[in-house]
Each structure stands twice: as C-alpha cells, then as structure tokens.
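>>> A predicted structure for the sequence below; I have some questions about it.
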Amino acid sequence: MEPLTTATTSTTPTSSSSPSSSPKQRIPKKRYLHDYGRYSSEFNSGFRLWLEKWNRRSISISLILIVLVVLTLLFPVLAIVALALDLYHYKRRRGLNYVRILTFFESYLFIELIALISTFLIYFIHLLSLIVVSDPGKARFFRWNYWYQSWWGGEMLFGWSCYLLGIDVEVEVAGDVNSSFIAHYYDKGFKKRLADALGIGPKIIFSRHASFADTLVPQGIFSLFYHMRYIVKKELLWDPALDVSGSRTPNFFLFRDAGTDGMEVEIEAIKSMVSDFKPTEPDVTCIWPEGTRFSKSKREKVLESFKKKNDTKNYELASNLKHTLLPRVGGVLSLLEANPCGDILFCYHFGMEASSDFGQMMNGELCNRVVKIKFEQIKYKDIPKTKQERIDWLLRKWVDIDQWIDRQDKLYKNEKLSLKKKKSE
C-alpha cells in the first residue's frame, strides 16, 4: 500500500487559457466526512454511503478470491518453474528468490482471506456480546479490533512476510528515550524493550517512503503495545482487508483530488487523527511526508518543477537530497497544530527500497538481506512552536535522514564488493 501525506493544503485542477480549445475541467463536488469508511464522500445520505461502500467491497473481495483460487491451482506448476529459474541463477544470487516471491504472494492472498473472515467473526461475536453486556463508546469493539490488527498487520503481514522473504530486520532506537539500543526484530522481548525505551504514550511517526513494503514497518514494530492510526490515500480502500479493518478504528483515507475547498475537509479529518490524544493512551498516528515513493525519476521531476517555477530555495533544498524527496509540509503542520501531547518519531530505514516497484519485487531484490530501521524520538516539549520553526526543523531532520541513508548505502555497496572479491579468489 502506498501512503500519502497531505503536503499541500490544496489541490487545484489545471486551468486552460482557452476554454474553447480544451475540455472543461471537472469541478470537485462538495464532500462530507462520515464513519462509513473513515473517508470523505460526495454522498451525504446513509443509504448512498452504504451502497458506495458495499459496491466497492463486492468487487474487491471477488477479485481477491478469484486470484487466490487461480494462483492456488497453478501453484505446483509455478513453483517448479520458480525453482528452475532459481537454480539457473543460483551461482549469482545464492538464494531461492523466485520461490520466496511466489510463496509470499500466495501467503499474502491467504492472509487477506483470513483477515476478512476474522473481521466478520469479530463483528458477529460483538453483536452477540451486546445481548449480555452493553459496550459504551464501543470500547470493547475497538479493543478487539486493535488486538486483531496487531496479529494481522504485525505478526502476519509484516512478521510472516519478513520470514518468507528471508529479511533480517535490524532496529535502532535513539533520541530522547529511556534507553538507546540496536536489536533485531526476532530477538526475544524486542517489542517490549522498544515500548519501555520509548514510553507508552501518544506519538506521531514521520517516515521516509521508498516502497510499498515500508508502510508495514510501523504496524509490524509498534502494534503489540500501541494503537496504530494511519493517514493513507483513498485508493487503498480497494484492498478489501485494509478497507474493512481500517474502517473500524481511527484512520483516514485521503481523497487527493478534493480541490481547494474540499481539501479543508480532508485537513479537518487529518487533525482529528491526533486531536484526541491523551498523555496516558498508547495511540500512534503515521504519515509519510514525502507524499509518494522515492525514485530517481520522481526526484528529477520535482527538481524540474521547482526549476520551471523559478523556486530557487526549494530547488536547492531538493537537489541536496540524494535518497529522499523534499517533504511536503501541509500535512505535517496540520498534525503538529492539532497535537496536544504526542511525542514525535522520525523513521529512517534502508533496504526497503529494494521493493520500490513490481519489477524489483519479482526479481527478488528484497530477499535474503538486512533491512535497517532507526527511530529517533523527540519529546512533545521539544517540538518547535512557530510554523516557520517547524518547517525548518522538518527539513533539517529530512537532511539527517538522507545523509543516514547515504552512509548505509555506501556500507552496503562496500560489503557487496568485498563479498564479490572473496568469491572470485
């Protein structure tokens, strides 16, 4: 899934200089916030909202089931082909990467099916429990869903996927914490150690975004002791398990083409992801300030855009970043403005970019490697107070993230070169 930050507080359709020479631009309709799916909609009636939701789900669930059945039937043949390809490339890669990737996709589809069945059972059991005892504010329903999401997103999607792909996750905890440390994801008691170091309390995660895989990092690492909230793009509602699960707890699926007026509604919803933070509650809101996955081509497009606008300041800032995109500040500022008490966590990571596109994923570039993740905590009291101070602070931190990635990249390349020399000797 590809998360989205609301870096700019408005999106305006491109206007034409000559109305007669080009088609009319679509004017965004007014949108309404509702709890039928934790997103905004142009519909305001309960029935239309219900119909919109279940029309989407009927399509997405059907597609998942069809693909699962077809892949399961073809799996024996595809496994033989994958094994043959892995044996052919074994001297160069030293791993069964194609077998791992095929198993990963099969497992992912099964996990989706398990998630859908689990969410139905939770809903049904909760309805039955209401006969015995009431559930004011849906506290019990939320608790059950957070537990399930920790198991589904944390243990199954992240943990099991790392195991299948042969990924060794190394995590560093730094900044204003009770104790700094470096440990591995599979170390006994790792998640408890992380929670003790950071402290149980509300937090906002600002993460680098390099691939679809890095969106699973917060869920995999934090969900056992924290209640996770996400700000992601509305298109991800087409993942049926994410649609159903994400609609039951506080998350927000952002509509990117809301227009100038509509974006105000989106910003209001984003602020609600932190405005109810309480000092003793373990709520964590995640956002990816770059707004899209990093790639060299996207970096060039960003630089070209600044150049055309004659925006020398942002051009200089963006050109100094080698591995990340210049963060958009709109969503970050909205969260910081509404944040009553949450600490900040900056998420650095290296290795996940090996799955930045489908081609890399199929080529097995993420398999059998070490992924390094670093969390740097800044306490609420140390967050800059003014708007400009916050912008400068965010940009400085992004330079730190970029330089850290550059160091990890050089280490990784040196290790590969050293290994290659040893094999040739």
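Thanks, I have it.

>>> on contacts alone, who are the packing partners of the helix ranked longest in the chain?
In the chain, assigned by DSSP state H, the helix with the most residues is helix 46-88. For helix 46-88, the elements it packs on are helix 97-132, helix 240-246, judged by 3 or more CB pairs under 8 Å, 6 or more residues apart in numbering; DSSP states H and E. From N, CA and C alone the C-beta is placed, and that goes for glycine too.

>>> then stretch 237-251 to PDB, C-alphas only?
Extracted C-alpha coordinates of stretch 237-251, given in PDB (Å, rounded to 0.1, in the frame of the first residue of the first chain):
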ATOM      1  CA  LEU A 237      -9.700   1.100   0.100                       C
ATOM      2  CA  TRP A 238      -9.600  -1.300  -2.900                       C
ATOM      3  CA  ASP A 239      -7.600  -3.700  -0.600                       C
ATOM      4  CA  PRO A 240     -10.600  -5.300   1.000                       C
ATOM      5  CA  ALA A 241      -8.900  -6.400   4.200                       C
ATOM      6  CA  LEU A 242      -7.500  -2.900   4.700                       C
ATOM      7  CA  ASP A 243     -10.900  -1.400   3.800                       C
ATOM      8  CA  VAL A 244     -12.800  -3.400   6.500                       C
ATOM      9  CA  SER A 245     -10.100  -3.300   9.100                       C
ATOM     10  CA  GLY A 246      -9.100   0.300   8.600                       C
ATOM     11  CA  SER A 247     -12.800   1.400   8.800                       C
ATOM     12  CA  ARG A 248     -13.200   0.100  12.300                       C
ATOM     13  CA  THR A 249     -10.500   2.100  14.100                       C
ATOM     14  CA  PRO A 250      -9.400   5.700  13.700                       C
ATOM     15  CA  ASN A 251      -7.700   6.000  10.300                       C
END
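
>>> centre of the chain versus it, how much separation?
13 Å (CA atoms, centre = their mean, to the nearest Å).

>>> what about residue 402, how many residues nearby?
Residue 402: 19 surrounding residues under other CB atoms under 10 Å.

>>> list the residues that contact it.
For residue 402, the contact set (CB atoms under 8 Å, 6 or more residues apart in numbering) comprises 320, 321, 322, 323, 324.

>>> and those residues, which of them are buried?
Among the contacts of residue 402, those that count as buried by neighbour count (16 or more other CB atoms under 10 Å) are 321, 323, 324.

>>> ok, so of the contacts of residue 402, who is nearest residue 376?
The closest of these to residue 376 turns out to be residue 324 (CB to CB; 14.8 Å).

>>> so what's the closest one up against?
Counted by CB under 8 Å, 6+ apart, residue 324 has contacts 208, 290, 294, 398, 401, 402, 405.

>>> apart from its chain neighbours, what residue comes closest to it?
For residue 324, ignoring the flanking residues on the chain, the nearest one in space by CB to CB, 6 or more residues apart in numbering is residue 402 at 4.8 Å.

>>> for residue 321, see how far away the one you found is.
Applying CB to CB, to the nearest Å, the value for residue 402 to residue 321 is 5 Å.

>>> next one: residue 179
For residue 179, the distance to residue 321 - CB to CB - is 31 Å.

>>> try residue 43
Taking CB to CB, one finds residue 43 at 40 Å from residue 321.

>>> and if you look at residue 249?
Taking CB to CB, one finds residue 249 at 34 Å from residue 321.

>>> cool, residue 409 as well?
Distance from residue 409 to residue 321, by CB to CB: 13 Å.

>>> what of residue 56?
According to CB to CB, residue 56 stands 37 Å off from residue 321.

>>> quick one: secondary structure of residue 173?
Under the three-state scheme (DSSP: H, G, I helix; E, B strand; the rest coil), residue 173 adopts strand.

>>> skip the chain neighbours and tell me the closest residue to it.
Using CB to CB, 6+ apart, the closest residue to residue 173 is residue 197 (4.9 Å).

>>> who touches the one you found in this structure?
173, 177, 178, 179, 180, 181.

>>> and the residues you listed, which of them are buried?
Applying 16+ other CB under 10 Å to those flags 173, 177 as buried.

>>> now the contacts of residue 197 as JSON lines including pLDDT, secondary structure and distance to residue 242?
Output for the contacts of residue 197, formatted as JSON lines (pLDDT from 0 to 100; DSSP: H, G, I helix; E, B strand; the rest coil; distance: CB to CB, whole Å):
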{"residue": "173", "pLDDT": "97", "secondary structure": "strand", "distance to residue 242": "28"}
{"residue": "177", "pLDDT": "95", "secondary structure": "coil", "distance to residue 242": "30"}
{"residue": "178", "pLDDT": "95", "secondary structure": "coil", "distance to residue 242": "33"}
{"residue": "179", "pLDDT": "94", "secondary structure": "coil", "distance to residue 242": "34"}
{"residue": "180", "pLDDT": "96", "secondary structure": "coil", "distance to residue 242": "33"}
{"residue": "181", "pLDDT": "96", "secondary structure": "strand", "distance to residue 242": "32"}
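
>>> what about stretch 161-173, distance to the chain center?
That offset, for stretch 161-173, works out to 16 Å (CA atoms, centre = their mean).

>>> begin at 28, not 1, for the rest of this chat.
In the new numbering, first residue 28, that becomes stretch 188-200.

>>> which residues touch it?
Outside stretch 188-200, the residues that touch it by CB under 8 Å, 6+ apart are 122, 127-128, 130-131, 134-135, 206-213, 217, 221, 224-225, 240, 243, 247-248, 378, 393-402, 404.

>>> endpoint to endpoint, it covers what distance?
Distance across stretch 188-200, first residue to last, is 23 Å (CA to CA, to the nearest Å).

>>> just to revisit the earlier point, in CSV, list the helices and strands packed on helix 73-115 along with mean neighbour count, distance to residue 89 and mean pLDDT.
As requested, the helices and strands packed on helix 73-115 are arranged in CSV below (neighbours: other CB atoms under 10 Å; distance: least, CB to CB, whole Å; pLDDT from 0 to 100):
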stretch, mean neighbour count, distance to residue 89, mean pLDDT
helix 124-159, 16, 12, 93
helix 267-273, 22, 9, 92
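
>>> for residue 385, find the nearest of these.
Among the helices and strands packed on helix 73-115, helix 124-159 sits nearest to residue 385 (CB to CB), with 10.5 Å.

>>> tell me the angle of that closest one relative to helix 73-115?
With axes from the mean of the first three to the mean of the last three CA atoms, to 10 degrees applied, the angle from helix 124-159 to helix 73-115 works out at 150 degrees.
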